[in-house]
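[1] sequence plus predicted model, see below.
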Amino acid sequence: MPDKTTRDLLIQFSEAKKALRERGVIRSERFTGELGEWLVETAHRGQRAEGTTQKGWDIKLMSDGKPLKLQVKAHAKGDNNPARWTNISRDSLDHFDRLVIVVMTNDYFIKEWLEIPVENVKRLIVQSGKSTIIQWKDAKDFTVDWKSLPGYQDISDFEMPRKAR
């Protein structure tokens, strides 16, 4: 069987995106961000914002009888990518209660899951050039065992295979 052409691969990619849209996983062309939002929504059994451009938060849920707004930042990092930080706008800090950072491999297995209350985000945020960021090493105390979240079973196929760890 001959190798697939670039066009064949793009057709497969397009078909996969269409199927993910039909399942409600992605809603726009921001694939990694949309996937991260779906993972957090599913794991927490929350509800994503109606539109894909909601200012300052992505997921709503109830926690201890109170509404909670989550801002989700997702990353798919190659093995050789040394960047270990997340951009976060100071302007968004008044719009969410918790920042959730989902770090995935470049083939979309979950590597890290951080959940940082906004009060801690305010303490951890630093200036880096023209951007404001959170260094993941500074937020390691906010690592969450995502396998203990209520909807884990629905996202369990994002667990890294043992040999890849």
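    That came in fine, so what should we check first? Numbering: from 1, shown residues only.

[2] what's next to the longest helix along the chain, contact-wise?
    The longest helix of the chain (DSSP state H) is helix 6-22. Helix 6-22 is contacted by residues 4, 26-27, 31 when judged by CB atoms under 8 Å, 6 or more residues apart in numbering. The way it works is simple: take the backbone N, C-alpha and C, and place the C-beta from them, glycine included.

[3] scan these and report the most crowded one.
    Neighbour counts for the contacts of helix 6-22, by other CB atoms under 10 Å, peak at I26, which reaches 22 neighbours.

[4] leaving aside the residues adjacent along the chain, what's closest to that residue?
    Among residues not flanking I26 along the chain, E34 sits closest, at 4.0 Å (CB to CB, 6 or more residues apart in numbering).

[5] and what of V126?
    Distances taken as CB to CB, 6+ apart put I133 closest to V126, at 6.1 Å, once the chain neighbours are dropped.

[6] list phi and psi for the one you found.
    When read as degrees, to the nearest 10, the backbone of I133 gives phi -140, psi 170.

[7] kindly state the pLDDT recorded for it?
    On the pLDDT scale, I133 is placed at 97.

[8] mind checking how far the longest helix of the chain is from the chain centre?
    Chain-centre distance of helix 6-22: 21 Å, with CA atoms, centre = their mean, to the nearest Å.

[9] same deal with stretch 141-160?
    Offset of stretch 141-160 from its chain centre (CA atoms, centre = their mean): 12 Å.

[10] ok, now stretch 66-74?
    Centroid separation between stretch 66-74 and its chain, computed with CA atoms, centre = their mean, is 11 Å.

[11] gap between the closest residue to G33 other than its chain neighbours and K163?
    Once flanking residues are discounted, G33 sits nearest to A74: 5.4 Å by CB to CB, 6+ apart. Distance of A74 to K163, given as CB to CB, to the nearest Å: 24 Å.
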